[in-house]
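*Asks:* Any chance you can model this:
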Amino acid sequence: MELDIELPAFITPLMTKWLMQYKFDVLNDITSVGLFHWDYRPNKRKPEKPRRIPRLENSFEFIESDFNIEVFFYEDDPKTLHVFESFGYDLSGIKIAKEYIYENELFKENRTLLSMIS
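*Replies:* A predicted model of the protein is given here:
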């Protein structure tokens, strides 16, 4: 399988493999792709567990649309990939971040890191 679109230079081979496995059928509908990092804030209810907030770094916009499908990556280590996805219109939509482990030439979803309706 080959990608129909040209990805920016900051997208690693691991990120490309994830796109091939999970987003191959909707690749032409993705509005932007990029990188993010985790920002930690204090948690008043559970001080031992800080709140995790994704902060976008680099991004590349493919198409401009009212309905956005955005995918951002954070490569934790050579086999662990955090993926932050945002679907929907500007002031409404779903944001979700998941951790994936790359084993035996396939990604396996490990856990959900963040899920919210905006």
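
*Asks:* Now do the same for N28: helix, strand or coil?
*Replies:* Using DSSP: H, G, I helix; E, B strand; the rest coil, the structure places N28 in helix.

*Asks:* Between the two ends of stretch 33-50, what distance do you get?
*Replies:* Terminal residues of stretch 33-50 lie 27 Å apart, using CA to CA, to the nearest Å.

*Asks:* typo on my end, it should be stretch 60-77
*Replies:* 23 Å.

*Asks:* which residues touch P8?
*Replies:* Contacts for P8 (CB atoms under 8 Å, 6 or more residues apart in numbering) come out as V33, N58, F60. Backbone N, C-alpha and C define where each C-beta goes, glycine included.

*Asks:* Could you pick out the buried ones from those residues?
*Replies:* The neighbour count (16 or more other CB atoms under 10 Å) marks V33 as buried among the contacts of P8.

*Asks:* could the contacts of P8 be laid out in JSON lines, adding pLDDT and distance to I101?
*Replies:* Shown next, in JSON lines, are the contacts of P8 (pLDDT from 0 to 100; distance: CB to CB, whole Å):
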{"residue": "V33", "pLDDT": "95", "distance to I101": "21"}
{"residue": "N58", "pLDDT": "91", "distance to I101": "24"}
{"residue": "F60", "pLDDT": "93", "distance to I101": "26"}
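
*Asks:* right, and D29 touches E70 too?
*Replies:* No - with contact defined as CB atoms under 8 Å, D29 does not count as touching E70 (11.0 Å).

*Asks:* who has more neighbours, those two?
*Replies:* Neighbours were tallied for D29 and for E70 using other CB atoms under 10 Å; the higher tally belongs to E70 (20 against 12).

*Asks:* Leaving out the residues flanking it, which one is nearest to L19?
*Replies:* L27 (6.7 Å; CB to CB, 6 or more residues apart in numbering).

*Asks:* ok, now T12?
*Replies:* In space, T12 is closest to E75, 6.2 Å off (CB to CB, 6+ apart).
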